[in-house]
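**Q** Just the structure for this:
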Amino acid sequence: MSLVPRIRNAAGWLVPAALGQGLNLVALAMSVAFQLFDQIEKFVFIGAIASIATVVCTLNIQSVYPGLRDAHERSRLMASSLFLTLLAAAVLVVASVAVQRPWGDDLLWVAASITAGATNAMVTANLILRGDAPGVALARLSAGVCNVALTAAVVITQTDYEYALVAVAGLALVTGSSVMLMRGRGRRRVLFVVSCLRDPAGMRHAIRAHAAATGAGFLAGLAFHASSLVVPLLGPYSTAWATAVRVSGGISSIGVQILSPWIEATFGTAVRGADALHLSRLRRAILWAAWIGGGACGVGLALWLETTGIVPG
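**A** Numbers count the residues shown, from 1 in each chain. Here you go, the predicted model:
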C-alpha cells in the first residue's frame with residue numbers, strides 16, 4: 001500500500017478519535033471552570049473503583065480477547081465476563097440497600113459504572129478483534145459529543161447532584177457502546193454468547209485460563225488509580241486533590257484513547273498469527289514511543305514550572 005492510501009486509512013480513525021478525546025477535554029474543562037468540585041470528587045473516586053472492578057469482572061477482556069484464535073474460547077470469555085459483571089452489579093445493588101448513606105449511594109453508582117464500563121469493554125474488544133479501529137474511533141467521538149452535551153446540561157441547569165458527572169460518564173459510555181454494537185454482527189453473535197452462559201464448566205475454565213491476565217490488569221489499575229482511591233481520606237484537601245487528579249488523568253489519557261485501538265488490534269493480529277518477529281518490533285516501537293513521550297512531558301513540565309516561578313531556574 002502506497003503512502004497516500006495509508007494516510008487516508010489512518011485519518012479514518014485518527015481524526016474521529018482525536019475529536020472525541022478533544023470533546024472529552026472540553027467537558028473536563030467545563031466541569032473545572034464552572035467549579036463542579038463536589039461532582040468531580042465523586043467522579044474521581046467512583047470512577048477509579050469502577051475501572052479496577054471492570055477489569056476483574058471482564059477478565060481483562062480488552063487485552064485478552066483480540067489475541068484468542070478459537071471462536072468458542074472467545075465466546076466463553078465473553079459469557080464469563082457478562083456473568084461476572086451482572087453478578088457484581090447485583091451484589092452491589094443489594095449491598096447499597098443495606099448500607100447507610102452516603103456509602104449506599106456510592107455502591108449503587110459503582111454498580112452502574114461497572115455495568116456501563118464492562119459493556120463498553122466487551123463491545124470494544126469485539127471490534128478490536130476485527131481490526132475495526134474506525135468503529136472504535138467513531139464510538140469515542142459519539143461518546144465525546146454525549147459527554148460535552150450532558151456536561152453542558154449540568155452546567156446550564158446548575159445541577160448540584162453530586163453524582164451528576166458519574167451519570168454523565170456512564171451515559172457517554174453507553175452511547176459509545178451502542179455505536180459499536182451497530183457495527184457488530186448482530187443477533188447470531190449475541191445468541192451464541194448467551195448460549196455459553198448455560199455452560200458453567202466452560203466459564204470456570206475461562207476464568208482459570210485468564211486469571212493471570214486479570215491479576216495483572218488489577219495490579220496495573222490499582223497502581224494507576226491509587227491517587228484517586230485516597231480522595232475520601234484527605235479531608236479538607238480532597239476537593240483540590242480530586243480536581244488535580246481529574247485534570248492530569250484527562251490529559252494523560254490522550255494518547256491512550258487515540259492510539260490504543262490500533263495498537264491493540266495490531267498486537268491481537270500478531271498474537272493470533274504467532275508472529276514473534278512482528279510482536280518484538282511492536283514492543284520496541286511502543287517502548288521507544290513511551291520513552292520519547294515521557295521525556296518530552298518531563299521537559300515540558302520542568303520548563304513550565306520554571307516559567308511560572310514555582311521552582312527557581
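
**Q** CA atoms of stretch 37-45 as PDB?
**A** What follows is stretch 37-45 as a C-alpha-only set of coordinates in PDB (Å, rounded to 0.1, in the frame of the first residue of the first chain):
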ATOM      1  CA  PHE A  37     -15.900  20.300  42.600                       C
ATOM      2  CA  ASP A  38     -18.200  18.100  44.600                       C
ATOM      3  CA  GLN A  39     -19.200  16.200  41.500                       C
ATOM      4  CA  ILE A  40     -15.600  15.900  40.300                       C
ATOM      5  CA  GLU A  41     -14.700  14.400  43.700                       C
ATOM      6  CA  LYS A  42     -17.300  11.700  43.400                       C
ATOM      7  CA  PHE A  43     -16.500  11.100  39.800                       C
ATOM      8  CA  VAL A  44     -12.800  10.500  40.500                       C
ATOM      9  CA  PHE A  45     -13.400   8.200  43.400                       C
END
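
**Q** can you give me the strands for the stretch 151-300 of the chain?
**A** Using DSSP state E, counting those that start in this stretch, no strands are found in the stretch 151-300 of the chain.

**Q** would you list every one of the helices in it?
**A** 164-182, 187-196, 200-209, 211-224, 226-229, 238-252, 254-272, 276-308 (DSSP state H, counting those that start in this stretch).

**Q** could those helices go into a markdown table alongside distance to Ala33?
**A** No exception for glycine: its C-beta is placed from N, CA and C like everyone else's. As requested, the helices of the stretch 151-300 of the chain are arranged in a markdown table below (distance: least, CB to CB, whole Å):
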| stretch | distance to Ala33 |
| --- | --- |
| helix 164-182 | 14 |
| helix 187-196 | 42 |
| helix 200-209 | 44 |
| helix 211-224 | 26 |
| helix 226-229 | 21 |
| helix 238-252 | 11 |
| helix 254-272 | 19 |
| helix 276-308 | 19 |
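
**Q** Out of those helices, which gets nearest to Ala53?
**A** helix 211-224 (8.8 Å; CB to CB).

**Q** Kindly calculate the angle that that closest one makes with helix 238-252.
**A** Put simply, helix 211-224 runs at 120 degrees to helix 238-252, going by axes from the mean of the first three to the mean of the last three CA atoms, to 10 degrees.

**Q** so which of the helices of the stretch 151-300 of the chain is the most packed in?
**A** Highest mean neighbour count among these (mean count of other CB atoms under 10 Å): helix 164-182, with a mean of 21.

**Q** any low-confidence regions in the stretch 101-250 of the chain?
**A** For the stretch 101-250 of the chain, applying pLDDT under 70 flags the ranges 184-196.
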